[in-house]
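[1] output the structure for:
(2 chains)
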Amino acid sequence: MYSIETKSLTKSFGDLVAVNDVSFSVEKGEIFGFLGPNGAGKSTTMMIFTTLLKPTSGKALIAGFDVMKDAKKVRENIGFVQQETTVDEYLSGRENLLLQAKLNHIPKNEINKRIDEILDLIELSDKQDQAVVTYSGGMRKRLDIAGGLLHHPKVLFLDEPTVGLDIQTRRKIWQYIKKIHIEFEMTIFVTTHYMEEADNLCDRIGIIDGGKIQVIDSPQNMKNALGNEIISLAVENNSNHDSFLVELKKIEFIKKINEDESKLILFTSNGTEVIPKIFQISSRLGIKINTISLTQPTLDDVFISYTGHEIRDDNSKFNRKLEHAKMKRLRA
Amino acid sequence: MNSIMYDTYTIFWRELKRYKKSRSGVLIRLIQPAIWIIVVGNIFSETQPLIQSVGFEGEYIEFMAPGVIILTAIFTSIFGGVNTLWDRRYGFMNKALTSPISRSAIALGKMSAISLIAALQASLIIGIALAIGVTFPNPLMIIPIMGIVILFSLGFSGISVTLAATAKSQETFWGMINLLGMPLFMLSPALFPLELLPNWLAVIAKLNPVTYTVLLVRELMTGVSEGGVPILISIAVIVAFVIAMVAIASYVFTREVNKPF
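    Now for the predicted structure:
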């Protein structure tokens, strides 16, 4: 049985399709990352999974229960940690967890034990009786995540868990997520637009852009599919440029070439052997190479190769329209 | 059924915790009714002959004290739903909606907490009234009065939760509250006897549940029956009002929170 299973899941707002015919499944115990720029459809998908939105068409099963027909069963089996921290500032850390325990129907005689256990895990035991108002951003996030898994859900949903936190705190939060994953053996579904986060945390990643899944695989496989190295070239344009490209493509290790203004990006393997060949071709054609570099591919490169743009590049027409529609609804 | 009680209590507990932690809020909410009873009560003290004409023997301030108690209950409870908007804005609502508790338990928990808070605020106003010399012929009457205030506030908290669930912004909510609160208070015998209203206003006032609550509390407090409405009729009107409001609020809340905010 899969923890999450979707078939042709679609959600539209008016004539805007936010999630477009998405089908995939997440296995039990996996940490699955949903990676995409703002407005790609990540949050909408997550809201469908957590029963906050009904899909326009298609199906989604969470822990085996249909989000449409069995919403209550789904809610009993999930934990949901939202993007913005939702802990109650005026209550203490412990009171916040107590509220969470009651909301999720944890048996009375177990509540205190569970809270002690989780406070220990997130290292907040000594601050548990202070009002959350006195906590730092990272501590609040930890408390929020703890609240989401207090009732040992089968599937834990984390929406952009480290957005707005500094890099050190972010790393710390990743450690906690990994720790709870091992401790409670739950499936974790996390959305993010940080490459590093997806790379660090996830067993598998789905890249979503424009409401559609572009690719699903492990971060390592994704990088390997591009060849394990990247050569970037800055060349001066001349009339032989096209034949230069043709010749480059003939080099056997090169898997893909992206052109970005004056820069050529070659996805390749055996980079150290490829570089001399590049120089041979360029000198034959009289092409001047200004700089050349050899790097390991990052998930950023993977993202660009599948979507044709960078993840921070939010300016595609589709996103702007969708954001506009959302704002309009908010103001109504 | 058992679980809806438990869930309602969970939300009730949370709302009261938040109330307890906002000590300044308790005092701020007292300022307006305190001004009413102290300032307006004294400004209109010369109107004693007017209220005597309908058979009320005491001071004007004793006549209007029950009105101010109800004013406190109206405004505390009708404002009370505003945190529904905050909860939707800052994610607590989504947290509750993705947990196994039922939607109507959220609404019921909020309403019961609001009505208890309104009654607490009203009891503080009773304290102020006593302090400035309003007397109770029978001090034991405070118990049924508090019961009525709690019940009545539950109805107004229903109005508040309904409005907060439908309003998409703070501005809409406050606009609606002001549109409703003051007229409902003014169109009641809270400040002046029903008999002194022009006919057409008296008809409107008779449709207002606030009217019956004020008459009832005034009768219990001062022992003077006014307006010719029997106690049982007043109680029946209040109960019907409360049942209707709580039902509407649960229904509207459940429907509205299922829509994206």
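
[2] can you list the domains in chain A?
    If you go by automatic domain parsing, the domain ranges for chain A are A:4-217, A:227-296.

[3] which of those sits most buried?
    Neighbour counts (mean count of other CB atoms under 10 Å in any protein chain shown) averaged over each of those peak at domain A:4-217, with a mean of 19. For the C-beta atoms, the positions are set from N, CA and C on the backbone; glycine is no exception.

[4] which residue packs closest to the residue in chain A that chain B sits nearest to, ignoring adjacent ones?
    Chain A approaches chain B most closely through residue A:86 (3.5 Å), counting by CB to the nearest CB. Once flanking residues are discounted, residue A:86 sits nearest to residue B:91: 3.5 Å by CB to CB, 6 or more residues apart in numbering or on different chains.

[5] let me see the contact set for that neighbour.
    By CB atoms under 8 Å, 6 or more residues apart in numbering or on different chains, the residues touching residue B:91 are A:82, A:84, A:85, A:86.

[6] identify the farthest-apart pair in these.
    Pairwise distances across those peak at 7.9 Å for A:82 and A:85 (criterion: CB to CB).

[7] what sits in contact with each of these two?
    Counting by CB under 8 Å, 6+ apart, the contacts common to residue A:82 and residue A:85 are A:144, B:91.

[8] any idea where the helices of the stretch 201-332 of chain A begin and end?
    Using DSSP state H, counting those that start in this stretch, the helices found in the stretch 201-332 of chain A span residues A:219-225, A:241-250, A:271-285, A:299-307, A:317-331.

[9] same question for chain B.
    B:2-21, B:23-35, B:41-43, B:48-52, B:60-80, B:82-89, B:92-97, B:103-131, B:142-166, B:170-186, B:199-206, B:209-222, B:231-257 (DSSP state H).

[10] can I get those helices in JSON lines with mean pLDDT and distance to chain A?
    Below are the helices of chain B laid out as JSON lines (pLDDT from 0 to 100; distance: least, CB to the nearest CB, whole Å):
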{"stretch": "helix B:2-21", "mean pLDDT": "91", "distance to chain A": "4"}
{"stretch": "helix B:23-35", "mean pLDDT": "83", "distance to chain A": "11"}
{"stretch": "helix B:41-43", "mean pLDDT": "87", "distance to chain A": "35"}
{"stretch": "helix B:48-52", "mean pLDDT": "84", "distance to chain A": "44"}
{"stretch": "helix B:60-80", "mean pLDDT": "92", "distance to chain A": "16"}
{"stretch": "helix B:82-89", "mean pLDDT": "91", "distance to chain A": "9"}
{"stretch": "helix B:92-97", "mean pLDDT": "94", "distance to chain A": "5"}
{"stretch": "helix B:103-131", "mean pLDDT": "94", "distance to chain A": "10"}
{"stretch": "helix B:142-166", "mean pLDDT": "95", "distance to chain A": "11"}
{"stretch": "helix B:170-186", "mean pLDDT": "92", "distance to chain A": "10"}
{"stretch": "helix B:199-206", "mean pLDDT": "90", "distance to chain A": "32"}
{"stretch": "helix B:209-222", "mean pLDDT": "93", "distance to chain A": "31"}
{"stretch": "helix B:231-257", "mean pLDDT": "95", "distance to chain A": "9"}
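
[11] quick revisit: where among the domains of chain A is average confidence lowest?
    The weakest mean pLDDT among these belongs to domain A:227-296, with a mean of 85.

[12] can you give me how far that one is from the chain middle?
    Relative to its parent chain, domain A:227-296 has a centroid offset of 31 Å by CA atoms, centre = their mean, to the nearest Å.

[13] straight-line length of that domain, end to end?
    9 Å (CA to CA, to the nearest Å).

[14] one more: stretch A:279-297?
    OK, stretch A:279-297 end separation, CA to CA: 22 Å.

[15] circling back: any idea which of the helices of the stretch 201-332 of chain A gets closest to residue B:216?
    Closest to residue B:216 of these is helix A:317-331 (CB to CB; 43.0 Å).

[16] the residue of chain B found nearest chain A and residue B:97, how far apart?
    Closest residue of chain B to chain A, CB to the nearest CB: residue B:91 (3.5 Å). Residue B:91 sits 10 Å away from residue B:97, taking CB to CB, to the nearest Å as the criterion.

[17] done for today, thanks.
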